[in-house]
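Undergrad: Fold the following for me, if possible:
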Amino acid sequence: MSDPYIDKKFIPVVAAVITDEHRLLLCQRQDGPHLPLLWEFPGGKVDPGEGPTGALARELQEELGVRSRIGPKIHEVRHTYPQKKVWIRFYAVSSEGIPHPHVHREVRWVAVPDLGSYEVPPPNAEVVRQILSAGIESIPNVGPPEAERDADGAPAPA
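TA: Numbering: from 1, shown residues only. From the prediction side, this is the model:
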């Protein structure tokens, strides 16, 4: 389902704030032309005809190889870089599986008190400040990803 509120001037992006008790998952960008080596919450662009939560689940599978349950939106920001404008929506997310850096240089579970020592892009910095101020308890608990189901609705074999 497409998002009827997409502003054509901004690239729609989604990001996951994944918690594991008192840690959050950050991913380090590759050493490329845009935001090299910065740490970020995982996610990516919403493709045409795709809804934001479906896009986020797809991105997490592609980028990290994990199944996920997408919870509520916890923050959104529109940001203008010199070369593009992005509209990023951040969601509380739970994941299942060990995240692997399929597209990132590294993935790391980071304790909340250590968040401030990671250099993140400006839109991510807003979420980091929110978490440092309000605590990890401010991120809703989403619960585990639902079991995959077969065509008849029964749990799929593991």
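
Undergrad: Flag every buried residue along the longest strand that the chain contains.
TA: Counting by DSSP state E, the longest strand found in the chain is strand 67-80. By neighbour count with 16 or more other CB atoms under 10 Å, strand 67-80 contains the buried residues Arg67, Ser68, Arg69, Ile70, Gly71, Ile74, His75, Glu76, Val77, His79. In this view, the C-beta of every residue, glycine as well, is placed from N, C-alpha and C.

Undergrad: One more: stretch 91-106?
TA: For stretch 91-106, by 16+ other CB under 10 Å, it's Tyr91, Ala92, Val93, Ser94, Ser95, Pro99, Pro101, His104.

Undergrad: Over to stretch 137-148?
TA: So stretch 137-148, judged by 16+ other CB under 10 Å, has buried residues Ile139, Val142, Pro145.

Undergrad: For Val93, identify the helix or strand it belongs to.
TA: strand 85-96 (DSSP states H and E).

Undergrad: Run through this protein and note the low-pLDDT ranges.
TA: Where the chain drops to pLDDT under 70, the residues are 1-7, 147-158.
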